[in-house]
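S.K.: no sequence on this one, just coordinates:
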């Protein structure tokens, strides 16, 4: 392996996980539609629902003071001539009123959060909020998400107003005096947020071009190698190993983040759900790249000249020959097609590989299932080619005069 080839292959292995991150940033973090579709299911996540109920209840109840309400009622009764002991009795009901209000608010908040209305509010809030997140990362746009000092908060004011309306409709008239609020629910906090702005901007500019550049560099590195098949195996296994390192890094980052949540984050469970949701597609991409790398390396190895690859291919050819002989004995013939496939089998195999590679390249966000489907199609096509080639050899052997 030449020095230039080794450098390019090493660079490719390093750039593969970086490419996955750039695609994730470009398609998930900075794309409004995909981001909203990603976080929309969180509206029905139990941890998010519990955190939202608590935050909405706190916000709606912030201005309902049972002691003040009962004191005002007692003062009015005393002004109408009732004895002070009646006023004292009314004042003693303050805690009970607070408890009743708390229960009513929590009940209505729970009913609202578990309804389709909250899903609508959540989705729309995140749609608008995403602009502010983009602003936090790139300096462009704003929304109902505030970003300050590395803390990202979502405005739940709309949900509070809806709960206030439900309280009034339920007959709790003091709730009508709740003023407009601008309550925030902390979604994310990191003191590194400001420092990653430049990196996110660079990743956004690079966008989808870095994966293409990575593939080109890897291909050049393999072509320049003295032993190309071994270079291909090294490249794909190295890329898979780099993806494994990235996957481990995500696990460590998640654990570190959840272990160091600031006090502003009201619900660790909700924070974990949001983290897992936002990086879900990145995890899928990592697993896909890892599986793809291992399978390509395995395919390249089995196409080599080693003892095991030759034995595997020999077994496959013998099986195909046996099937062809059985077919010929039962009157099944492929004619000139089999002979033609036998002659151009190598080029047909290369053509099938190129077609599948192009399909995979243009597949929108492939998964491990996509890779396995491609492998299954490849194996079926290779089996058909092997069988056709075997019938061609059988036909050619029959045409050769015996003796």
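M.R.: Cool, got the structure. No experiment lies behind these values; they were computed from the predicted model shown. Numbers count the residues shown, from 1 in each chain.
S.K.: make it CA atoms for all contacts and neighbour counts henceforth
M.R.: Fine.
S.K.: Report the secondary structure state of residue 332.
M.R.: coil (DSSP: H, G, I helix; E, B strand; the rest coil).
S.K.: Around residue 263, how many other residues sit close by?
M.R.: 10 (other CA atoms under 10 Å).
S.K.: Please report how far it lies from residue 346.
M.R.: Look at residue 263 and residue 346: by CA to CA, to the nearest Å, they are 64 Å apart.
S.K.: same thing with residue 330?
M.R.: Applying CA to CA to residue 330 and residue 346 gives a distance of 28 Å.
S.K.: Same question for residue 9.
M.R.: On the measure of CA to CA, residue 9 and residue 346 end up 26 Å apart.
S.K.: quick one, which of these two is more surrounded?
M.R.: Neighbour totals were compared for residue 9 and residue 346, and residue 9 leads with 27 against 11 (other CA under 10 Å).
S.K.: thought that one was touching residue 222?
M.R.: Yes. Between residue 9 and residue 222 a contact is recorded at 7.3 Å, counting by CA atoms under 8 Å.
S.K.: list residues touching both of the two?
M.R.: Listed contacts common to residue 9 and residue 222 are residue 235; contacts here mean CA atoms under 8 Å, 6 or more residues apart in numbering.
S.K.: The spatially closest residue to residue 28 that is not a sequence neighbour: which element?
M.R.: The shortest distance from residue 28 to any non-neighbouring residue, by CA to CA, 6 or more residues apart in numbering, is to residue 35 (5.2 Å). Element membership for residue 35, per DSSP states H and E: helix 32-39.
S.K.: what sits up against that helix?
M.R.: For helix 32-39, contacts defined as CA under 8 Å, 6+ apart pick out 27-29, 123, 126-127, 130-131, 274, 277-278.
S.K.: export those residues to a markdown table and tack on distance to residue 228?
M.R.: Listed next are these as a markdown table, based on distance: CA to CA, whole Å:
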| residue | distance to residue 228 |
| --- | --- |
| 27 | 34 |
| 28 | 36 |
| 29 | 38 |
| 123 | 51 |
| 126 | 49 |
| 127 | 49 |
| 130 | 46 |
| 131 | 47 |
| 274 | 44 |
| 277 | 40 |
| 278 | 39 |
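S.K.: For stretch 284-298, which residues meet the burial criterion?
M.R.: 285-297 (16 or more other CA atoms under 10 Å).
S.K.: same for the helix or strand harbouring residue 314, what does it pack against?
M.R.: Counting by DSSP H and E, the element that carries residue 314 is helix 307-329. Judged by 3 or more CA pairs under 8 Å, 6 or more residues apart in numbering; DSSP states H and E, the packing partners of helix 307-329 are helix 280-302, helix 368-399.
S.K.: Which stretch among these approaches residue 322 most closely?
M.R.: helix 368-399 (8.5 Å; CA to CA).
S.K.: List the buried residues in that closest one.
M.R.: Of the residues in helix 368-399, those buried (16+ other CA under 10 Å) are 368, 371, 374-375, 378, 382, 385-395.
S.K.: So residue 2 sits against residue 225, correct?
M.R.: Yes. Residue 2 is within contact range of residue 225, at 5.8 Å (criterion: CA under 8 Å).
S.K.: higher neighbour count, these two?
M.R.: residue 225 (20 against 12).
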